[in-house]
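Engineer: Show me the folded form of this:
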Amino acid sequence: MEIGSEHKNDVKRAIRKEVRCRIRGLSADVKALAAEEIYRLVERTEAFARAHSIAFYAAMDDEVPTSSALLRRPAM
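Structural biologist: Here you go, the predicted structure:
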């Protein structure tokens, strides 16, 4: 039985809302630790090592911060 697209969209919206609420509930320290772990994993990839340029985004308050990764990356 196929779930209607309207219902799928409602489910997606509910999941996104729940994730945003959970992220808002995280402390700045927890977000900073998550950012460090993500960056550590990314910088170990071959693609990252071979990259000639890397794009970063300016994180919003409810996103994993990117500022520490930007400061760690040497100029290319």
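Engineer: In CSV, list the C-alpha atoms belonging to stretch 62-74.
Structural biologist: Extracted in CSV, the C-alpha atoms of stretch 62-74 (Å, rounded to 0.1, in the frame of the first residue of the first chain):
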residue,chain,number,x,y,z
ASP,A,62,21.1,25.1,15.4
GLU,A,63,23.8,23.6,13.2
VAL,A,64,27.1,22.0,13.9
PRO,A,65,29.6,24.9,14.1
THR,A,66,32.1,25.2,11.3
SER,A,67,34.3,28.0,12.6
SER,A,68,36.9,25.8,14.3
ALA,A,69,37.3,23.7,11.1
LEU,A,70,37.8,26.8,9.1
LEU,A,71,40.5,28.1,11.4
ARG,A,72,42.3,24.7,11.4
ARG,A,73,42.5,24.5,7.6
PRO,A,74,45.7,26.0,6.2
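Engineer: Tell me which residues of that stretch come out buried.
Structural biologist: Residues of stretch 62-74 classed as buried by neighbour count (16 or more other C-beta atoms under 10 Å): 64-65, 69. Every residue, glycine included, has its C-beta placed from N, CA and C.
Engineer: quick one, longest helix in this structure?
Structural biologist: The helix that spans the most residues within the chain, counting by DSSP state H, is helix 5-24.
Engineer: ok now that helix, how far from the chain's centre?
Structural biologist: With C-alpha atoms, centre = their mean, to the nearest Å as the basis, helix 5-24 stands 17 Å off its chain's centre.
Engineer: related to what we said a few turns ago, can you tell me which of the buried residues of stretch 62-74 are in helices?
Structural biologist: Of the buried residues of stretch 62-74, the ones assigned to helices by DSSP H are A69.
Engineer: Among the buried residues of stretch 62-74, find me the one that's closest to D10.
Structural biologist: V64 (26.7 Å; C-beta to C-beta).
Engineer: I figured that closest one was touching A35, is that so?
Structural biologist: Yes: assessed by C-beta atoms under 8 Å, V64 is found in contact with A35 at 4.8 Å.
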